[in-house]
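>>> when you get a sec, could you give me coordinates for this:
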Amino acid sequence: MGEALLRAHLHERGASCVVHSAGTMSWDASPPGEAMTVMEEMGLDISEHRARPLSVDLIEGADLILGMTRDHVGRVVALVPDAWERTFLVRELVRLAERVGPRQERETPAEYVRLVGAGRPEVRVPGRAGDEVDDPYGEPVYAYRATATRLDAELRELAALLAP
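Numbering: from 1, shown residues only. Just a heads-up that it's a prediction; the model follows:
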């Protein structure tokens, strides 16, 4: 859901970028029916999406990595330690980026992410507990709606900061 929402918000702002998602579990599966239903309600089709596992290649090729939980961020950094400076929880990144302001036209996305990350506290546990987004997998459709609503708002804010 996060991939589709971020891609849609960046596209609305005219940004040309690649958005991928990967999971910390290694399976090749379609999204749950509840996720497809909720995304359809929001005007997005994720029926062609397939889960794929997190990999070193994906991490190394990314300017920005977003995790839903602190565990996700930890798994990214365990695979590629220098990815710490560009790996955030969604809400954490929005909060830090609001202090810096929107990305300037002269800044590349990678430069902007480094600038925002420079304001991160000197801790190895990212964000705050409230920054984590619960995975609704296996829950009823209302849990997917709640997660999608939260992600939609936070990723809309993030898109506005990344692609002003």
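>>> when you work out contacts or count neighbours from here on, use the C-alpha atoms and nothing else.
Will do.
>>> pLDDT weak spots in this protein?
26-28, 123-125 (pLDDT under 70).
>>> okay, which residue is most central for it?
Centroid-nearest residue in the chain: L66, 3.6 Å away (criterion: C-alpha atoms, centre = their mean).
>>> beta-bridge partners for that residue, please?
F88 (DSSP bridges).
>>> I'd say it and V94 touch.
No: counting by C-alpha atoms under 8 Å, L66 does not reach V94; the two are 10.9 Å apart.
>>> neighbours around P140, how many?
11 (other C-alpha atoms under 10 Å).
>>> do the one 10 residues further on as well
The local packing of R150 (other C-alpha under 10 Å) involves 15 other residues.
>>> helix or strand for it, which one?
Here R150 sits within helix 141-162, counting by DSSP states H and E.
>>> mind listing what's buried along that helix?
Neighbour counts over helix 141-162 (16 or more other C-alpha atoms under 10 Å) mark 141, 143-145, 147-148, 151-152, 154-162 as buried.
>>> run the chain-centre distance for that helix.
10 Å (C-alpha atoms, centre = their mean, to the nearest Å).
>>> so which elements touch the strand or helix carrying R99?
Here R99, judged by DSSP H and E, is contained in helix 90-100. If contacts are counted by 3 or more C-alpha pairs under 8 Å, 6 or more residues apart in numbering; DSSP states H and E, helix 90-100 sits against helix 109-117, helix 141-162.
>>> of those, which approaches A51 most closely?
The closest of those to A51 is helix 141-162. By C-alpha to C-alpha, the value is 16.6 Å.
>>> contacts for the closest one next, please.
Around helix 141-162, the neighbours that count as contacts under C-alpha atoms under 8 Å, 6 or more residues apart in numbering are 1-2, 5-6, 9-10, 13, 34-35, 38-39, 90-91, 93-94, 97-98, 101-103, 109, 112, 133-137.
>>> tell me how far the spatially most distant residue from the centre of the chain lies from Y112.
The outermost residue of the chain, judged against the average C-alpha position, is R106 (23.4 Å), by C-alpha atoms, centre = their mean. As judged by C-alpha to C-alpha, to the nearest Å, R106 and Y112 stand 10 Å apart.
>>> that'll do, ta.
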